[in-house]
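A.B. asks: Pasting the sequence and the predicted model now:
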Amino acid sequence: MELLNFLSQVPVPILILVIAVLVVVTAVVVYQYAKAKGLEGIRKEVYELFCVRNTDLKNPDRASRN
């Protein structure tokens, strides 16, 4: 409720500007990460994380030791 009270006091154009800046910054960071890492590198990391998670689900004893 306090957050709603605070946001109601801030002018709408300011909120739109802040959200737009956050979206632009996020897009730039994602683009730079993808450019630096390369699509294959990102795919490899996701695949490795998927394999680790899948192994943890199949072997719950091993997951609890990590």
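C.D. replies: Nice, thanks for sending it over.
A.B. asks: Do you have the helices of the chain handy? List them.
C.D. replies: 2-9, 12-37, 39-58, 60-65 (DSSP state H).
A.B. asks: what angle sits between the first one and helix 12-37?
C.D. replies: For helix 2-9 and helix 12-37, the angle between their directions (axes from the mean of the first three to the mean of the last three CA atoms, to 10 degrees) works out to 110 degrees.
A.B. asks: Quick one: list the elements packing against helix 2-9.
C.D. replies: The contact analysis (3 or more CB pairs under 8 Å, 6 or more residues apart in numbering; DSSP states H and E) places helix 2-9 against no helix or strand. C-betas here are computed from N, CA, C, even on glycine.
A.B. asks: quick revisit: with mean neighbour count added, can I get the helices of the chain in JSON lines?
C.D. replies: Putting those into JSON lines (neighbours: other CB atoms under 10 Å) gives the following:
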{"stretch": "helix 2-9", "mean neighbour count": "8"}
{"stretch": "helix 12-37", "mean neighbour count": "10"}
{"stretch": "helix 39-58", "mean neighbour count": "11"}
{"stretch": "helix 60-65", "mean neighbour count": "9"}
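A.B. asks: With mean pLDDT added, can I get those in JSON lines?
C.D. replies: Formatted as JSON lines, those follow (pLDDT from 0 to 100):
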{"stretch": "helix 2-9", "mean pLDDT": "86"}
{"stretch": "helix 12-37", "mean pLDDT": "93"}
{"stretch": "helix 39-58", "mean pLDDT": "81"}
{"stretch": "helix 60-65", "mean pLDDT": "57"}
